[in-house]
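**Student:** let me see the structure of the following:
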Amino acid sequence: MRRWLAVIALALLAPLAAFAEEPPSLAADVASGKLPPLEERLPKTPCVVDISRPGWATGRYGGELRMLMAKDRDIRMLVVYGYARLVGYDEHLRLKPDILQSIDNDGNRVFTLHLRPGHKWSDGQPFTAEDFRYFWEDVANNKDLSPFGLPRALLVDNRGPKFEVLDATTVRYSWDEPNPQFLAALAGPSPLFIYRPAHYLKQFHARYVGLEKANARAVEAGSRNWAGLHQKLDEQFRNDNPDLPTLEPWINTTPLPTTRFVLVRNPYFHRVDRMGRQLPYIDRVIVGITDDKLIPARTGAGNVDLQARYLRFDNYTFLKQAESRNHYRVYLWEKAIGSQVALYPNQNVDDPVWRTLMRDARFRRALSLGIDRHEINEVVYFGLGKESANTVLPRSVLFRPQFRTAWSTFDPKRANAMLDAIGLTKRDENGIRLLPDGRPMQLIIDTSGESTEETDVLELIRDTWRELGIAMFARPSQREVFRKRVFSGKSMMSVWSGLSNGVPTPEMSPAELAPTTQEQLEWPMWGQYYEQNRKGGEKPTLPDVEQLVQLYQEWRKSTSDDERERVWLKMLAIHADQVYTIGTVTHALQPVVVSDDLRNVPSDGIFSWDPGAYFGMYHVDAFWFDSEGR
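**Tutor:** Down below sits the predicted model:
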């Protein structure tokens, strides 16, 4: 049995919390009695944030953090950046308790979760085991609110766990077989929320107020029934209901629609610094909504204090030139994705001729060999990237050099020979190969039309594929249309970024490497088949893909890191050999713009959705403004 304990001795925490400084912005509310004093707002054992990173310093209170987003739904990114999780990743990608005080983990089968006594929601109401019970009984197992059953991360062999409330601050989840994805799901950027603010949501639930009253309340609020209203208001990740209590460092105060969100400090936030002072340091976060094409220009004009979203590497020169004039600095973080731009041959394309080709590993390998990655790196990324297949990065313990180089060297002679061997020997008067049914080989790649970077890469690929006798065309469309084309089989091939997690450890789920969801662009119908428990989509027909599914199930039932590492490496080796996705350049860099007087932001980091939640694992709650910085 393994126990994760609080990071700092409890005997030290109590006096620190009792005599710590109040955030000045809350002092008036405390003096008037509107808020209780700090020692009554903090858990008895707060989570201590004490980072050993060079340049890290204890901060001062105050200030507004300005950011820009392109859509009002992007306000959910503050839940990503705030990164308050039951457990979360630290900067070394190790899982640590956060909202929880500790966890007992018995063989990845039985998880006993210990809450922090005295922890409160942002409205001051206790955060207890009742909030977990409410989710389990009244949300997850309520057919009106969860018609499709339990979240996938709670299922092992399609069976959910046994849930128990042991006392007011202790709950337990038990499975007959290991569930190694459970903790990682809790730590995700869009996490598995296995708790709810029960005291708030009960007023909208038919079980607690009666069906007639709950439905009447729903109709009054513009919803069809009580379940619709409950689901609308119960969106912890979406972050668009100002009335919904939260455990995040800042509370959204602005309802939709809006072009400017104002978030204020959570007076009951559970983290403190090494001196016992409550976090966050910054009082307010202001999120402006503007056209995504204007965000680089507004960032360069000094209109933000922290910005990375909607900035691209090709903005770097412009942003760097305005650094001193507009009082910010530009860092370059490594993007933790398998490939900056990757191609996804659609194994489920509905054209039978193209489908046969896409499922032929020789064809996929030939396409990969026909890409001049060195040219792409030099022209698009100024030589700062690394030529690579779509695989994990050297920062990962699972990285192997052969995964990076497999079928990724520019070799048009070999690629042409492989296409000939498939039987694609006939060409038209323009030198374009002919498909078996006589059509010219015109390969259309669907794009979301959002990235000039993708366009530049595709232009270079078009030229080298033309030498193979393949005419390539890009078809841009809106993201929703783009995805529908892929999911329905209308798309031959699509372009997106590579592996979303380029820095995995054996403990992290390899679900991305096997058909697990319709969202996977290389085999959406196969992913749907497993996502819907074999009741939809299509069953995979390729032996190597079936092996990936089997390996993924082995990982889910594994009990040791050695077993999990073996599975990961085997799955990565299959991907390297079969080239289900075609990578181009990795080690791409993400511009991160930081105000001159904003402190504790690392100059060198990884920009990763999962694991890491972008800024989340670097503790935005401990960023602070030094007024002497300018």
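**Student:** immediately after the least confident helix or strand in the chain by mean pLDDT, which helix or strand?
**Tutor:** Taking mean pLDDT, DSSP states H and E as the measure, the chain has helix 10-19 as its least confident helix or strand, at a mean of 42. Downstream of helix 10-19, the first helix or strand assigned by DSSP states H and E is helix 24-32.
**Student:** name the residues that touch that following helix?
**Tutor:** By Cβ atoms under 8 Å, 6 or more residues apart in numbering, the surrounding residues in contact with helix 24-32 are 22, 35-38, 61-62, 265, 267, 283. Yep, even glycine has a C-beta here, placed from its N, CA and C like the rest.
**Student:** so for the protein, the centremost residue is which one?
**Tutor:** Taking Cα atoms, centre = their mean, the centroid of the chain lies closest to residue 609, which sits 3.5 Å from it.
**Student:** quick check, pLDDT for that residue.
**Tutor:** Per-residue pLDDT puts residue 609 at 91.
**Student:** got the contact list for it?
**Tutor:** Counting by Cβ under 8 Å, 6+ apart, residue 609 touches 189, 500-501.
**Student:** on the three-state scheme, it is what?
**Tutor:** coil (DSSP: H, G, I helix; E, B strand; the rest coil).
**Student:** roughly how far does it sit from residue 308?
**Tutor:** Using Cβ to Cβ, to the nearest Å, we find residue 609 at a distance of 12 Å from residue 308.
**Student:** how about residue 118?
**Tutor:** 35 Å.
**Student:** likewise for residue 407?
**Tutor:** The value you get for residue 407 to residue 308, if Cβ to Cβ is used, is 32 Å.
**Student:** what comes into contact with the longest helix seen in the chain?
**Tutor:** Longest helix in the chain by number of residues (criterion: DSSP state H): helix 561-578. Contacts to helix 561-578, defined as Cβ under 8 Å, 6+ apart, come from residues 180, 361, 364, 389-392, 397-398, 400, 402-403, 406-407, 504, 506-507, 510, 513-514, 544, 547-548, 551-552, 554-555, 558, 581.
**Student:** buried residues in it?
**Tutor:** By neighbour count on 16 or more other Cβ atoms under 10 Å, the buried set for helix 561-578 is 563-568, 570-572, 574-576, 578.
**Student:** picking that back up, adding pLDDT, neighbour count and distance to residue 46, write the contacts of residue 609 out as a markdown table.
**Tutor:** Formatted as a markdown table, the contacts of residue 609 follow (pLDDT from 0 to 100; neighbours: other Cβ atoms under 10 Å; distance: Cβ to Cβ, whole Å):
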| residue | pLDDT | neighbour count | distance to residue 46 |
| --- | --- | --- | --- |
| 189 | 95 | 23 | 23 |
| 500 | 92 | 14 | 32 |
| 501 | 93 | 23 | 30 |
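**Student:** apart from its chain neighbours, what residue comes closest to residue 274?
**Tutor:** Leaving aside its chain neighbours, residue 274 sits nearest to residue 50 (4.3 Å; criterion: Cβ to Cβ, 6 or more residues apart in numbering).
**Student:** residue 434 now?
**Tutor:** Excluding its sequence neighbours, the residue lying closest to residue 434 (Cβ to Cβ, 6+ apart) is residue 426, at 4.3 Å.
**Student:** ok, that neighbour to residue 415 distance?
**Tutor:** 17 Å.
**Student:** between these two, which is the more surrounded one?
**Tutor:** Set side by side, residue 426 and residue 415 show more neighbours around residue 415, with 26 against 13, by other Cβ atoms under 10 Å.
**Student:** of all the buried residues of helix 561-578, which two lie farthest apart?
**Tutor:** Farthest-apart pair in those is 563 and 578; separation 22.8 Å (Cβ to Cβ).
**Student:** which residues sit in contact with residue 85?
**Tutor:** So residue 85 contacts 98-99, 186-188, 191 (Cβ under 8 Å, 6+ apart).
**Student:** and residue 197, what is it in contact with?
**Tutor:** Counted by Cβ under 8 Å, 6+ apart, residue 197 has contacts 121, 125, 131, 244-245.
**Student:** what's the pLDDT at residue 21?
**Tutor:** 83.
**Student:** apart from its chain neighbours, what residue comes closest to it?
**Tutor:** residue 277 (5.4 Å).
**Student:** tally of neighbours for that neighbour?
**Tutor:** 19.
**Student:** so it touches residue 48, yeah?
**Tutor:** No - using Cβ atoms under 8 Å, residue 277 makes no contact with residue 48, being 10.6 Å away.
**Student:** now do the helices in the stretch 151-300 of the chain.
**Tutor:** With DSSP state H, counting those that start in this stretch applied, the stretch 151-300 of the chain shows helices at 182-186, 198-201, 206-209, 211-220, 226-233, 295-300, listed in chain order.
**Student:** wasn't residue 88 part of a strand?
**Tutor:** Yes - per three-state DSSP, residue 88 lies within a strand segment.
**Student:** report the beta-bridge partners for it.
**Tutor:** Beta-bridge pairing of residue 88 under DSSP bridges involves residue 96.
**Student:** give the contact list for it.
**Tutor:** When contacts are taken as Cβ under 8 Å, 6+ apart, residue 88 is in contact with 95-96, 98, 187, 613, 616-617.
**Student:** over to residue 625?
**Tutor:** 60, 62-63, 281-282, 305, 595, 597-599 are the contacts of residue 625 under Cβ under 8 Å, 6+ apart.
**Student:** what does residue 308 give?
**Tutor:** Contacts for residue 308 (Cβ under 8 Å, 6+ apart) come out as 333, 590-593, 607, 614-615.
**Student:** so what touches stretch 285-305?
**Tutor:** Counting contacts by Cβ under 8 Å, 6+ apart, the residues outside stretch 285-305 that touch it are 64-72, 74-75, 78, 250, 258-263, 307, 309-312, 315, 318-319, 322, 325-328, 450, 593-595, 598, 625.
**Student:** please indicate which of the residues you listed are buried?
**Tutor:** Neighbour-count burial (16+ other Cβ under 10 Å) applied to these gives 65-69, 72, 74-75, 78, 250, 261-263, 307, 309-311, 315, 319, 322, 326, 328, 593-595, 598, 625.
**Student:** ok, the closest residue to residue 23 other than its chain neighbours - how many residues close by?
**Tutor:** In space, and not counting its chain neighbours, residue 23 is closest to residue 61: 4.9 Å by Cβ to Cβ, 6+ apart. Per other Cβ under 10 Å, the neighbour tally for residue 61 reads 20.
**Student:** surely residue 61 touches residue 281?
**Tutor:** Yes - using Cβ under 8 Å, residue 61 makes contact with residue 281 at a distance of 5.6 Å.
**Student:** can you pull the residues that touch both of the two?
**Tutor:** Jointly contacting residue 61 and residue 281 under the rule Cβ under 8 Å, 6+ apart are residue 624.
**Student:** circling back to that earlier point, most neighbours among the contacts of residue 625, which one is it?
**Tutor:** Result: residue 282 is most packed of the contacts of residue 625 (other Cβ under 10 Å), 28 neighbours.
**Student:** pretty sure that one contacts residue 63?
**Tutor:** Yes - the pair residue 282 and residue 63 passes the contact test of Cβ under 8 Å, sitting 5.3 Å apart.
**Student:** shared neighbours of the two, anything?
**Tutor:** Common neighbours of residue 282 and residue 63 (Cβ under 8 Å, 6+ apart) are 624-625.
**Student:** just to revisit the earlier point, whichever of the contacts of residue 197 end up buried, select them in PyMOL.
**Tutor:** Buried residues among the contacts of residue 197 (16+ other Cβ under 10 Å), as a PyMOL selection:
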select buried, resi 121+131+244+245
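**Student:** among the buried ones among the contacts of stretch 285-305, which ones are in strands?
**Tutor:** Among the buried ones among the contacts of stretch 285-305, DSSP state E puts 65-69, 250, 261-263, 307, 328, 593-595, 598, 625 in strands.
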